[in-house]
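Participant: The following block contains a protein sequence and its predicted model.
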Amino acid sequence: MSGMTTQVQVSGTELKVRIEKALNEKGLKKLITNLEKELNGEHSFLPHEVEMQIREEIANAGVAVSQHGGWYRCIAAYLLLPKLDELLAVKSMSEEKNVAPIVQKLRNEALRESLSTFGLDVPARYARTSSGTGQTRVRIPREQKQQLVETFLDALPTFEGLQEVLNTLPKNTSLTVKQIRSLVKRYLNIASRLQSVAAHE
């Protein structure tokens, strides 16, 4: 196993046992399915090279991927392993509606630990902790926030130009074009939200 194997993950037979434990646990089915959908799409937060490394670890561990719903389902389970025991403990509680914020917090922490192993930051949508955890978000001064937004939107013409070029290309293209397409769409979505917020202020 390469040196990239995390201190929070395990390897070999133990990795196989824990991934299959996560996949077979009914209480984690919805959580893994939602994460699987995010991984198996044009806007996956997982870089291709990292995905390949995780696939290699899963394959080397001997996980029967095809029997467990495919690669992205297995990768989703792998990413949740740092907090698997805690998630299983919480999910065993009777009233699920009361544990949802805790599950979200544990999921975010698991992704943070897993991704940091590969030198990645957790996506913004997973960076927040649920309310009541004692952690607060750092507030940015209004002037700095405004400057950040303006600078971000300065690139809008460039990304709109890229979108026009991408619209002329076939859908089934190389990985590089796919990544550019994903980045452009993500930027334009954020830019649209920022403009909408600014219009209502």
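Facilitator: Structure received.

Participant: how about low-confidence regions in the protein?
Facilitator: Filtered on pLDDT under 70, the chain yields the residue ranges 1-12, 94-98, 127-140, 197-201.

Participant: tell me the domain ranges of it?
Facilitator: Structural domains annotated on the chain: 12-127, 142-200, as defined by automatic domain parsing.

Participant: Buried deepest among those, which one?
Facilitator: domain 12-127 (a mean of 17; mean count of other CB atoms under 10 Å). Bear in mind the C-beta positions are built from the backbone N, C-alpha and C, glycine included.

Participant: Show the contacting residues for the nearest residue to L28 once chain neighbours are set aside.
Facilitator: Nearest residue to L28, sequence neighbours excluded (CB to CB, 6 or more residues apart in numbering): A22, at 5.7 Å. The neighbourhood of A22, defined by CB atoms under 8 Å, 6 or more residues apart in numbering, consists of L28, I32, A77, L80, L81, L84.

Participant: try it again with 10 Å
Facilitator: 28-29, 31-32, 68, 73-74, 76-81, 84, 87-88 (CB atoms under 10 Å, 6 or more residues apart in numbering).

Participant: need the longest helix for this protein.
Facilitator: helix 175-200 (DSSP state H).

Participant: Going by contacts, tell me the helices and strands next to that helix.
Facilitator: When contacts are defined as 3 or more CB pairs under 10 Å, 6 or more residues apart in numbering; DSSP states H and E, helix 175-200 packs onto helix 48-61, helix 142-154, helix 156-167.
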